[in-house]
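> The sequence isn't on hand, but the structure is:
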């Protein structure tokens with residue numbers, strides 16, 4: 001059955017939201033707020049349904065032509081058909097909605113707390129990293145590409161619109177080079193990463209493989225002809241979700257990747273995390289530093305510290321920094337980065353939830369957890385350390401809003417919320433929030 005509806009808003013996801021004549025909520029792929037569309041229902045649920053667009057009856061002023069030829073099949077950038085100002089409005093609205101729905105904030109209070117997102121200067125060409133899945137097809141051919149959203153299937157484009165120009169054509173180049181290398185033998189490659197910096201001009205190719213014999217020279221030579229890499233490394237790990245790393249070896253070049261951020265030079269090894277939008281990461285750091293209002297000599301803990309994105313600027317701002325990180329590669333990167341940038345940071349290798357109770361009283365704290373948010377009990381441990389201000393950085397509004405409630409229960413109130421658009425053309429956003437102790 002078909003029906004004409006108006007698209008009202010965007011969800012935190014690829015779909016837009018409208019309502020049928022009977023009042024039922026409809027999630028519509030490809031919709032834009034302000035559209036009038038004719039839809040056909042795909043699946044009925046008790047409280048909502050999903051549908052696809054049969055015809056755009058009247059296009060929203062915010063509807064634009066998607067610039068990427070793969071938009072309908074890739075799924076990685078589902079908001080390309082939406083004008084950038086409307087994307088920013090939707091991202092702010094999703095953060096507000098998370099506060100209202102999950103943290104039970106009054107709508108007006110939530111609206112007043114959440115600032116307009118800091119926009120990205122680059123709407124495309126902003127990613128410094130691409131990551132591909134790799135596998136053998138049923139026909140025995142080597143396949144390299146992006147994992148489709150909510151699927152294990154690979155999509156193999158020739159280019160990527162949101163990647164820096166130097167690596168935009170990496171999908172095709174690496175697929176050809178690695179396919180050539182594996183004509184006669186399977187090298188056990190299950191993941192490939194490529195990073196590039198427009199500031200340092202470093203370009204690194206990282207091959208994730210199963211442990212075992214490997215033709216190092218042949219691989220390095222062939223990949224070097226495909227992309228002008230300054231570093232080619234092999235990360236030996238078991239495939240699967242856990243991916244226990246058995247070792248990292250440099251096949252050619254520096255053996256690491258370097259980037260300039262906020263006036264500091266960061267060295268990052270292949271298994272370690274680094275923000276994919278460097279310019280926006282600087283604005284994220286700035287938002288955290290401004291929100292904490294540090295004084296010289298303040299004792300600050302940085303939990304889930306990674307390679308020091310926050311720790312090093314905190315130290316440069318005059319704080320005494322305790323940085324806690326569990327990933328071994330990031331711990332090594334953090335120690336090297338602190339030394340290279342003349343920043344005093346006490347690095348603690350361990351799980352943040354376990355180490356936090358041992359840190360003692362703090363003046364301020366930064367926490368940048370994984371997408372799953374804080375583990376149970378961490379908010380209570382933060383309260384025991386009694387920092388006057390806490391900067392909580394999150395990439396997921398739902399888990400962040402859940403943790404807002406946890407902070408409120410232990411004596412902290414949410415003072416400000418600054419979304420930062422790290423990921424144009426997608427529904428994802430980064431949140432820099434500041435909590436203050438009620439006393």
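All right, it came through fine. Please read all numbers here as calculations on a predicted model, not as lab measurements. Residues are numbered from 1 along each chain as shown.

> so residue 52 bridges to which residues?
Here residue 52 sits in beta bridges with residue 29, residue 40, as judged by DSSP bridges.

> quick one: contacts of the helix or strand bottoming out on mean pLDDT in the chain?
Every helix and strand of the chain was ranked by mean pLDDT, DSSP states H and E. The lowest is helix 71-74, at a mean of 87. For helix 71-74, contacts defined as C-beta atoms under 8 Å, 6 or more residues apart in numbering pick out 68, 77, 78, 80, 81, 146, 148, 155, 157. For the C-beta atoms, the positions are set from N, CA and C on the backbone; glycine is no exception.

> go with 7 Å
With contact meaning C-beta atoms under 7 Å, 6 or more residues apart in numbering, helix 71-74 is reached by 77, 80, 146, 155, 157.

> Check stretch 335-350 too.
Here stretch 335-350 makes contact (C-beta under 7 Å, 6+ apart) with 264-267, 307-308, 311-312, 315-316, 321-326, 331, 334, 355.

> So for it, what gets flagged as buried?
Neighbour counts over stretch 335-350 (16 or more other C-beta atoms under 10 Å) mark 335, 336, 337, 338, 341, 343, 345, 347, 348, 349 as buried.

> Return the mean pLDDT over that stretch, rounded to an integer.
Summarised as a single mean, pLDDT over stretch 335-350 is 97.

> ok now it, how far from the chain's centre?
Relative to the chain's own centre, stretch 335-350 is displaced by 23 Å; criterion: C-alpha atoms, centre = their mean, to the nearest Å.

> Give the next helix or strand downstream of the least confident helix or strand of the chain.
Downstream of helix 71-74, the first helix or strand assigned by DSSP states H and E is helix 84-101.

> Need the contact partners of that next one.
When contacts are defined by C-beta under 7 Å, 6+ apart, helix 84-101 is touched by residues 9-10, 12, 33, 62, 79, 105, 107, 110-111, 114, 116-117, 119, 123, 397-398, 400-401, 404, 417, 419, 421, 424, 429, 431.

> change it to 6 Å
With contact meaning C-beta atoms under 6 Å, 6 or more residues apart in numbering, helix 84-101 is reached by 10, 12, 62, 79, 105, 107, 110-111, 114, 117, 119, 123, 397-398, 401, 419, 429.

> Now do the SS call for residue 55.
Here residue 55 is strand, with the state taken from DSSP: H, G, I helix; E, B strand; the rest coil.

> Distance of the closest residue in space to it that isn't next to it in sequence relative to residue 29?
Nearest residue to residue 55 in three dimensions, chain neighbours excluded: residue 38, at 4.4 Å (C-beta to C-beta, 6 or more residues apart in numbering). Remark: distance between residue 38 and residue 29 (C-beta to C-beta, to the nearest Å) = 14 Å.

> Can you pick out the residue with more neighbours from these two?
In this view residue 38 and residue 29 are compared by other C-beta atoms under 10 Å, and residue 29 has more residues nearby, 17 against 14.

> Just confirm that one contacts residue 17, I think it does.
No: Residue 29 is beyond contact range of residue 17, at 11.2 Å (criterion: C-beta atoms under 6 Å).
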